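Student: Compute the structure for the input listed below.
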Amino acid sequence: MTAFIIRRLMQSVGVALAMSLIVFIGMHIVGDPIYILVDPQSDQAEIDATIRRLGLDRPLWEQYLLFLKGAVTGNLGNSFVHGTSALPLILERMPATLELAFASLILAIVIGIPLGLYAGLYPETVASRAIMAGSILGFSLPTFWVGIMMIMVFAVMLGWLPSTGRGPTATYLGMTSSLFTVEGWRYVLLPALNLALLKVSLVIRLTKSGTSEAIHQDYIKFARAKGLSRSRIVGVHLLKNILIPVVTVLGLEFGNQIAFAVVTETIFAWPGMGRLLISSIQSLDRPVIVAYLIITVLMFIVINLVVDILYSLLDPRVRLGEKSA
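Tutor: Numbering: from 1, shown residues only. Now for the predicted structure:
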């Protein structure tokens, strides 16, 4: 088991280094931030001084090595625009993004599992077919368009929910979040639902597929033969088994929720990491963009590493198979 974890950690370090190199090089070929940062009326001497101050006069390989040296100590560079370390800027906005991703994950579970369960238990009904058709729409409709429509209907026309910003926060067990207040949920509901739309469709289809397959298994037939109630068969025996792939997929998709919250945060003016990324791209603030992408990559690596380790604990064949390979 220890050898398996060590191999996975070494692979994760290799992936992180490769991605940092790709991200760093990619950001240095998309444009020159100097002509955005300096005054258009500046002369060449002032431009050269700014280039030296930001360290952009160094060769690319030297800039990358300096970046790696700073990354080891937790310094991912200083923002060109804000003049402060990029990492604290991102970490300051990370709670809002995690809050939005967590709320959207809750909505995906609360909405998707009951609808998928119903569609799997009663596949021939009109309601079941409507649910599956709706799940196709969830995959197809653009997130930005759905977000705009939500603002128009629920915020502008009906006036039920606020359209932008983050609600009031409260602190519980050392954690500060707007999810701890009723008013905070009013603010997070629209953006979280917009972000959860694709995941709701995914959960519906996974749950429906698992239910349709499990309902004909021998253990369900045996539970019926024992005279168990339908609610117990579905709630205990069936649901417990079909949730395994659903939970696994949602665990991996949580990283996607964080990474792809950019569009939702922009539409709803949510003060998270995604909104900071958009403003940094507009000003070509390379350190902030690189730091954001590196943190996102590390999140994916950590989540996949945890899933791999959990799989090896639950199924020894995973690590034995790798050892034989």
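
Student: And the strands in the stretch 201-325 of the chain?
Tutor: In the stretch 201-325 of the chain, no strands are found when defined by DSSP state E, counting those that start in this stretch.

Student: Any stretches of it with poor pLDDT?
Tutor: For the stretch 201-325 of the chain, residues meeting the criterion pLDDT under 70 lie at 307-325.

Student: All the helices of it, residue numbers only.
Tutor: Secondary structure of the stretch 201-325 of the chain (DSSP state H, counting those that start in this stretch): helices located at 218-225, 230-232, 239-259, 262-267, 273-282, 286-314, 317-324.

Student: Show me the one of the ones you listed that comes nearest residue 114.
Tutor: Distances from residue 114 to each of these were compared by Cβ to Cβ, and the smallest falls on helix 239-259, at 10.3 Å. Glycine gets a C-beta too; all of them are placed from N, C-alpha and C.

Student: Can you list the neighbours in contact with that closest one?
Tutor: Identification of contacts with helix 239-259 by Cβ atoms under 8 Å, 6 or more residues apart in numbering yields 97-98, 100-101, 104-105, 108-109, 113, 117, 195, 199, 202-203, 206-207, 210-211, 214, 273, 296, 299-300, 303-304, 307.

Student: Can you turn the buried subset of the residues you listed into a selection I can paste into PyMOL?
Tutor: Those of these that meet the burial criterion (16 or more other Cβ atoms under 10 Å) are gathered into one PyMOL selection, given here:
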select buried, resi 97+98+100+101+104+105+108+109+113+117+195+199+202+203+206+207+210+211+214+273+296+299+300+303+304
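
Student: who touches residue 13 in this structure?
Tutor: If a contact means Cβ under 8 Å, 6+ apart, then residue 13 has no contacts.

Student: Give the buried residues for the helix or strand where it lies.
Tutor: Secondary structure assignment for residue 13, by DSSP states H and E: helix 2-27. Along helix 2-27, the positions that meet the burial threshold by neighbour count (16+ other Cβ under 10 Å) are 4, 8, 12, 15-16, 19-20, 23-24, 27.

Student: How far off centre is the longest helix seen in the chain?
Tutor: The single longest helix within the chain, with elements called by DSSP state H, is helix 86-121. Its chain's C-alpha centre lies 8 Å from the corresponding centre of helix 86-121 when counted by Cα atoms, centre = their mean, to the nearest Å.

Student: Give the next helix or strand downstream of that helix.
Tutor: Sequence order places helix 126-140 as the next helix or strand after helix 86-121, per DSSP H and E.

Student: Could you list the low-pLDDT ranges of the stretch 51-200 of the chain?
Tutor: Per-residue confidence for the stretch 51-200 of the chain (pLDDT under 70) gives no ranges below the cut-off.

Student: change it to 80
Tutor: Counting by pLDDT under 80, the low-confidence segments of the stretch 51-200 of the chain come to 51-61, 63, 70-72, 74-77, 80-83, 138-139, 167, 169-176.

Student: hang on, the earlier thing: okay, the helices of the stretch 201-325 of the chain in CSV with distance to residue 66 next?
Tutor: Listed next are these as CSV, based on distance: least, Cβ to Cβ, whole Å:
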stretch, distance to residue 66
helix 218-225, 60
helix 230-232, 63
helix 239-259, 26
helix 262-267, 28
helix 273-282, 20
helix 286-314, 11
helix 317-324, 36
